[in-house]
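Colleague: what follows is a predicted protein model with its sequence.
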Amino acid sequence: MDIPIIGSLNGITSEGWIEYAQQMEQAGADGIEINVFYIPADLRLTSEEVEQRYLDIIRTVKQTVKIPVAVKLNPYFSAIGNMAMRMEDAGADALVLFNRFYQPDFDIYGLKVLPNLHYSESNEIRLPLLWIAVLYGQLKTSLAATTGVQGAREVIKYLLAGADVAMTASALYKHGIGYLRTINSELEAWMFNMGFNSIDAFKGAMSQRNISDPTAYERANYIRILENAK
C-alpha cells in the first residue's frame, strides 16, 4: 500500500495494550490509534481516576512502540481542553475527536436491550467541529475529525476548523468505497472555486485563533443569535 496503515487498538489490561501494540507495530502499522472504548459505569470511580486511566494507557503504549500514537477520546470530560493538553504531555502524537460510544435502545414490549447500530449523521459534526476549532494552534498534536462525515461539505468544515484529516465510515457503508473519489473531487472543485491551491492555504482559517471574532465560539454569541432572531 502507498497509504499509511493505522491500527486501532482497544485493550482491556495493561498487558493487552503492550502485547497488541507491539504486534501491530511488528505487522507493519505506520501508527496506532488508542481507542479507549470505556464507559465508567462504576459509581465509585472519580473523574480523576477515569482521566488517569487514559493517561496511563497513553504512556504505556508510547513506551512500547516507536511509531506515532493517536488517541481517540470522547467528548464527556468536564474540561476537554485541559485533558487534551495532558494527553499531549503524556506522549500522544495525535488526537481523534470524538469517539462515538455504542448507545443501546430498548424493546418496550419484549423488554430487552436492542443492539441497534445507527450510522452517524452530518449534524453530529457540531461538537467535534467546536473543539477542533478551539484546540487548533494551541497543541502540537495532530487533530483528526471522526464524526458525521457524509461528504465533502463536512470534510471542508473540519479542515477549516483546523483538522489535519477527516475520517469517514458511515458514508462508505452507504455509498461504497468508490465514494472516496467523489469526496475528493468535490473538495478539489471547492478549492478551485475558492482560489485555494493547497489544504494549508485554508486549514484552520475558521479556528478560534484565526477568526476575527473569537467570541463566536462562546456563549455570548448564542445570546446575539437569539436577539437577532426576534
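Modeller: Yep, it's here. Numbers count the residues shown, from 1 in each chain.
Colleague: going forward, measure contacts and count neighbours with C-alpha atoms only.
Modeller: Will do.
Colleague: who does the most centrally placed residue in the chain bridge with?
Modeller: Nearest to the geometric centre of the chain sits Leu97, at 1.9 Å (C-alpha atoms, centre = their mean). Counting by DSSP bridges, Leu97 is bridged to Leu73, Ala145.
Colleague: distance of it relative to Ala166?
Modeller: Note on Leu97: its distance to Ala166, by C-alpha to C-alpha, to the nearest Å, is 10 Å.
Colleague: which neighbours do these two share?
Modeller: Ala144, Ala145, Thr146 (C-alpha atoms under 8 Å, 6 or more residues apart in numbering).
Colleague: just the element for Val71, please.
Modeller: Element membership of Val71 [criterion: DSSP states H and E] is strand 69-73.
Colleague: quick one: the helices in the protein?
Modeller: For the chain, applying DSSP state H gives helices covering 14-27, 47-64, 80-90, 126-135, 152-161, 170-175, 179-194, 219-228.
Colleague: and Leu111, how many neighbours does it have?
Modeller: Residues contacting Leu111 under the criterion other C-alpha atoms under 10 Å number 8.
Colleague: that older thread, quick check: which of the helices of the chain is nearest to Asn116?
Modeller: Evaluated over the helices of the chain, closeness to Asn116 peaks at helix 170-175, with 14.3 Å, by C-alpha to C-alpha.
Colleague: circling back to that earlier point, how close does the residue nearest to the centre of the chain get to Leu172?
Modeller: Distance from Leu97 to Leu172, by C-alpha to C-alpha: 19 Å.
Colleague: now Asn74
Modeller: Noted for Asn74: a distance of 23 Å to Leu172, by C-alpha to C-alpha.
Colleague: mind checking which of those two has more residues around it?
Modeller: Asn74 (19 against 15).
Colleague: look up how far Gly195 lies from the more buried one.
Modeller: 35 Å.
Colleague: in stretch 53-61, what's buried?
Modeller: The neighbour-count check on stretch 53-61 (16 or more other C-alpha atoms under 10 Å) flags Tyr54, Leu55, Ile57, Ile58, Thr60, Val61 as buried.
Colleague: nearest to Glu121 among the residues you listed?
Modeller: Tyr54 (27.4 Å).
Colleague: surely the closest one meets Phe37?
Modeller: No - the criterion here is C-alpha atoms under 8 Å, and Tyr54 misses it with Phe37 at 10.5 Å.
Colleague: quick one: low-confidence parts of the protein?
Modeller: Under the criterion pLDDT under 70, the flagged ranges of the chain are 102, 212, 214-230.
Colleague: now do the phi/psi pair for the residue lying farthest from the centre of the chain.
Modeller: Residue farthest from the centre of the chain, counting by C-alpha atoms, centre = their mean, is Tyr109 at 36.4 Å. Backbone torsions of Tyr109, given as degrees, to the nearest 10, read phi -100, psi -40.
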